[in-house]
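> using only what follows, build the 3D model:
(2 chains)
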Amino acid sequence: TQLLEQSPQFLSIQEGENLTVYCNSSSVFSSLQWYRQEPGEGPVLLVTVVTGGEVKKLKRLTFQFGDARKDSSLHITAAQTGDTGLYLCAGALRRALTFGSGTRLQVQP
Amino acid sequence: SAVISQKPSRDICQRGTSLTIQCQVDSQVTMMFWYRQQPGQSLTLIATANQGSEATYESGFVIDKFPISRPNLTFSTLTVSNLSPEDSSIYLCSVSSEYLRTFQPEQYFGPGTRLTVT
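Prediction:
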């Protein structure tokens, strides 16, 4: 059983569309991170959220941490083909990271 | 951030043999981590390696199958022993960034080693 569930698992959209990826858990995390992984590479950190209710923006990406620090969302506005990849959330429990199940995003031109 | 390299980038190995993966970091780090990523899946932590002490293994992973060395603060190796086709995966090392006041385990990953067992 995955501690962190992401939805959807797969998403194929057209360039210019908006999308939201969700990361849910029954556990409380001290912080939560989002990573993007492209084929043949390791995951790259996008953002860390620490405070319940926190919202962070990274250009067209908006990240939100749930008030109870159990869930998070990633919203992408006007998706581009360069956004294609595997998106992973990861929650910090004590001194280890637990990765979510992943969302594979394909943005079509 | 940290720059991490792994060797080899990929390998094809026969059943019953072993593969040792090297991980080199460009700065001294306390904690290094080894993950497995099966095709199309998320990351599963194998073990945490601290310099000068035995690695700590996660449930389902044992030292006999995945021996780890951590001889200094910039280098680690993971060996996958007695290979079977089920070991075909991407193996990733990562290092943790720790802040003084608040522990925020942001991790930086190597490019991974793609292992195929035939």
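> enumerate the residues of chain A near chain B.
For chain A, the residues in contact with chain B (CB under 8 Å from any CB of the partner chain) are A:2, A:30-31, A:33, A:40-45, A:48, A:50, A:88, A:90, A:92, A:95-102, A:104. Quick note: C-beta positions are derived from backbone N, CA and C, even for glycine.
> and those residues, which are buried?
A:31, A:33, A:42-43, A:45, A:48, A:50, A:88, A:90, A:92, A:96-102, A:104 (16 or more other CB atoms under 10 Å in any protein chain shown).
> so where do the strands sit in chain A?
A:5-7, A:10-14, A:19-24, A:31-37, A:44-49, A:55-58, A:61-65, A:71-76, A:85-93, A:96-99, A:103-108 (DSSP state E).
> likewise for chain B?
Along chain B, the segments classed as strands by DSSP E run B:4-7, B:10-13, B:19-25, B:31-37, B:43-50, B:56-57, B:68-72, B:75-80, B:89-97, B:106-109, B:113-117.
> return the list of strands paired to the fifth one, each annotated with direction.
It refers to strand B:43-50. With DSSP bridges as the test, strand B:43-50 is paired with strand B:31-37 (antiparallel), strand B:56-57 (antiparallel).
> on that earlier part again, redo the strands of chain B as JSON lines? Include mean pLDDT.
JSON lines is the format used below for the strands of chain B (pLDDT from 0 to 100):
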{"stretch": "strand B:4-7", "mean pLDDT": "96"}
{"stretch": "strand B:10-13", "mean pLDDT": "97"}
{"stretch": "strand B:19-25", "mean pLDDT": "97"}
{"stretch": "strand B:31-37", "mean pLDDT": "92"}
{"stretch": "strand B:43-50", "mean pLDDT": "91"}
{"stretch": "strand B:56-57", "mean pLDDT": "92"}
{"stretch": "strand B:68-72", "mean pLDDT": "92"}
{"stretch": "strand B:75-80", "mean pLDDT": "96"}
{"stretch": "strand B:89-97", "mean pLDDT": "90"}
{"stretch": "strand B:106-109", "mean pLDDT": "86"}
{"stretch": "strand B:113-117", "mean pLDDT": "97"}
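> for B:I63, which non-adjacent residue is spatially closest?
B:Y57 (6.3 Å; CB to CB, 6 or more residues apart in numbering or on different chains).
> I'd assumed B:A47 was in contact with the one you found.
Yes - B:Y57 is within contact range of B:A47, at 4.5 Å (criterion: CB atoms under 8 Å).
> neighbour-wise, which of these two wins?
B:A47 (21 against 18; other CB atoms under 10 Å in any protein chain shown).
> that one: what's it in contact with?
Residues near B:A47 by CB atoms under 8 Å, 6 or more residues apart in numbering or on different chains: B:33-34, B:55-58, B:61, B:66, B:68, B:78.
> and what of A:L93?
A:L93 makes contacts with A:27, A:29-30, as judged by CB under 8 Å, 6+ apart.
> closest to B:Y91 among those residues?
If you rank the contacts of A:L93 by distance to B:Y91 using CB to CB, A:F29 comes first, at 25.4 Å.
> the closest one: neighbouring residues, count only.
A:F29 has 26 neighbours, counted by other CB under 10 Å.
> I'd say A:S72 and A:W34 touch.
Yes - at 7.3 Å, A:S72 counts as touching A:W34 under the criterion of CB under 8 Å.
> so what's in contact with those two at the same time?
Shared contacts of A:S72 and A:W34 (CB under 8 Å, 6+ apart): A:23, A:63, A:89.
> which one (most neighbours) among these?
The most crowded member of these, judged by other CB under 10 Å, is A:C89 (31 neighbours).
> who are the contact partners of B:F75?
Residues near B:F75 by CB under 8 Å, 6+ apart: B:22-25.
> thanks a lot, see you next time.
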